[in-house]
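Undergrad: Here you go, sequence then predicted model.
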Amino acid sequence: ALGWGAWKMYLGRPLDDMYRHMAMGALGDALRASRPEEALLVHEAQFALRQRYWSHNELVIVMCQADIANSLDDLGRRKEALVLRREVYAGYAALFGASDERTIGNGLNVANSLFQLELWDEAKSRLRDQL
């Protein structure tokens, strides 16, 4: 309900309005538990708009990619999620360095995706790299 409320409040704002995009993110996150297919569509639309209006802000882009990866994972589309998680990890590493906690957290997300796909050796290697 909160996600829908935020979306309704900011829907009339211009396409490049950051509050509108934050409301889209809230709506997508709210839909993940009960309507994951719709959550993915919202996150993909948000990503497209952010690429259009905020392509210069790499952090905003990788955060949107992480939302899409989470939605793909919720739908059991693990291979697609892994591809995006690797891109997100690379983005955080480029922005903040390998020892930043956000980069490490996203590296653990990659390792988790590898475990889910039973890619044990690569998952172990990734975990060692994160330690």
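TA: Yep, that arrived.
Undergrad: tell me the helices in this structure, going along the chain?
TA: Secondary structure of the chain (DSSP state H): helices at 2-10, 18-31, 36-54, 58-74, 78-96, 101-116, 120-130.
Undergrad: Go through these and find the least confident stretch.
TA: Ranked by mean pLDDT, these bottom out at helix 2-10, which scores a mean of 58.
Undergrad: Can you add mean neighbour count and give the helices of the chain back as TSV?
TA: Bear in mind the C-beta positions are built from the backbone N, C-alpha and C, glycine included. TSV is the format used below for the helices of the chain (neighbours: other Cβ atoms under 10 Å):
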stretch	mean neighbour count
helix 2-10	15
helix 18-31	19
helix 36-54	17
helix 58-74	20
helix 78-96	19
helix 101-116	19
helix 120-130	14
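Undergrad: mind checking the end-to-end distance for stretch 24-40?
TA: 11 Å (Cα to Cα, to the nearest Å).
Undergrad: just how off-centre is that stretch within its chain?
TA: Computed by Cα atoms, centre = their mean, to the nearest Å, the chain-centroid distance of stretch 24-40 equals 12 Å.
Undergrad: okay, Ala1: pLDDT?
TA: 50.
Undergrad: list the contacts for Ala98?
TA: Shown in contact with Ala98 (Cβ atoms under 8 Å, 6 or more residues apart in numbering): Ile104.
Undergrad: any idea how far it is from Met24?
TA: For Ala98, the distance to Met24 equals 31 Å [Cβ to Cβ, to the nearest Å].
Undergrad: Check whether Gln130 really touches Asn106, as I assumed.
TA: No - counting by Cβ atoms under 8 Å, Gln130 does not reach Asn106; the two are 9.6 Å apart.
Undergrad: Can you tell me the centre-most residue of this structure?
TA: Ala66 (1.5 Å; Cα atoms, centre = their mean).
Undergrad: Hmm, Leu72 and Glu80 touching each other?
TA: Yes - Glu80 is within contact range of Leu72, at 4.8 Å (criterion: Cβ under 8 Å).
Undergrad: gap between the residue nearest to Gly91 when sequence neighbours are not counted and Ala94?
TA: Spatially, and ignoring its direct neighbours in sequence, Gly91 is nearest to Val62 (3.5 Å; Cβ to Cβ, 6 or more residues apart in numbering). Per Cβ to Cβ, Val62 is found 9 Å from Ala94.
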